[in-house]
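**Q** build me a structure from this.
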Amino acid sequence: MIRVEGPVVRQLQHLFIIDWMTHAGEDVAALLDLPAPPLPGGFAAIAVGSGPTIDNRAVSDIFAMLLSAAQDEAIITTPYFVPDDTLHRAICGAARRGVKVTMILPAKNDSFFVARASRSYYSDLLRAGVRLAEYQGGLLHAKTLTVDGVATCLGSANMDRRSFELNFENMMILVSAEVTGAMRARQLAWLSRATVLDPAHGQSWPLLVRAVNNLFATMGPLL
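**A** Residues are numbered from 1 along each chain as shown. Next up, the predicted model:
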């Protein structure tokens with residue numbers, strides 16, 4: 001997806017070494033003593049590690065922060081969408097204040113339960129003005145967020161409660177019009193293979209279907 005050089009690599013290496021020393025029992029801290037060569041130019045970037053023993057709000061807060069900063073556009077791809085209240089409000093709030101929010105989710109998910117839970121949020125998103133699209137080319141597994149064609153967030157974290165509260169995740173945020181432009185072009189290519197849902201989508205679903213979707217949504221941390 002992306003290759004980076006420079007100081008952010010040292011941050012990613014730091015996260016890897018912490019995990020390695022914790023779980024492998026091997027002291028490799030000396031690797032961090034090696035000097036990092038200077039890299040002229042470049043752009044601002046930061047690596048973020050999160051997990052239940054660190055800060056189980058970090059991932060959700062990062063997504064919400066970026067969406068709150070959006071002024072014109074935000075494009076999201078995630079295979080698993082089971083948000084907490086903070087992220088759900090941030091997405092809907094951005095759309096309501098005029099940000100062009102586009103979400104691309106897989107039409108067919110490898111988890112029946114997650115698919116049901118994700119669809120329980122469709123009505124709220126569509127009412128808020130989010131452009132919601134279902135990718136038709138298989139399980140779109142990319143976890144990306146671009147904001148205003150300038151900032152990009154990508155990594156291992158899905159927009160789901162498991163990534164927020166249970167999993168250890170690594171993410172990277174970067175600010176670069178060039179890199180974000182390339183990422184946005186990739187997102188638009190995925191969008192071209194997706195079906196954009198009608199704003200009234202889901203309103204005619206039977207009560208039983210909506211009840212089942214909502215039931216699985218309540219199990220978010222387990223999905």
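**Q** next SSE after the helix or strand Ala117 falls within?
**A** Per DSSP states H and E: Ala117 is located in helix 112-119. Following helix 112-119 in sequence order, the next helix or strand is helix 122-128 (DSSP H and E).
**Q** quick one: the helices in the protein?
**A** 7-24, 58-69, 85-96, 112-119, 122-128, 161-165, 177-191, 207-217 (DSSP state H).
**Q** buried stuff in the second one?
**A** What it means is helix 58-69. Using 16 or more other Cβ atoms under 10 Å as the test for burial, helix 58-69 gives 58-64, 66-67. In short, each C-beta sits where N, CA and C put it, glycine included.
**Q** so where's the protein shaky on pLDDT?
**A** Applying pLDDT under 70 to the chain flags the ranges 201-223.
**Q** 80 instead, please
**A** 36-38, 53-57, 112-113, 200-223 (pLDDT under 80).
**Q** before we move on, the earlier item: which single one of the buried residues of helix 58-69 is nearest to Thr152?
**A** Leu66 (9.3 Å; Cβ to Cβ).
**Q** find the nearest non-adjacent residue to that closest one, please.
**A** Distances taken as Cβ to Cβ, 6 or more residues apart in numbering place Val147 nearest to Leu66, at 5.2 Å, with adjacent residues excluded.
**Q** pretty sure the one you found is touching Ser68, no?
**A** No: with contact defined as Cβ atoms under 8 Å, Val147 does not reach Ser68; the gap is 9.8 Å.
**Q** now the buried residues of helix 58-69 in TSV, with distance to Arg3?
**A** As requested, those are exported to TSV (distance: Cβ to Cβ, whole Å):
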residue	distance to Arg3
Ala58	25
Val59	23
Ser60	27
Asp61	27
Ile62	22
Phe63	23
Ala64	28
Leu66	22
Leu67	26
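**Q** list just the nearest of these to Asp110.
**A** Val59 (21.0 Å).
**Q** so the closest one sits against Ser50, correct?
**A** Yes: the criterion here is Cβ under 8 Å, and Val59 meets it with Ser50 at 5.1 Å.
**Q** which neighbours do the two share?
**A** 157, 169, 171 (Cβ atoms under 8 Å, 6 or more residues apart in numbering).
**Q** which one of the residues you listed is nearest Leu39?
**A** Using Cβ to Cβ, those come closest to Leu39 at Met171, 21.0 Å.
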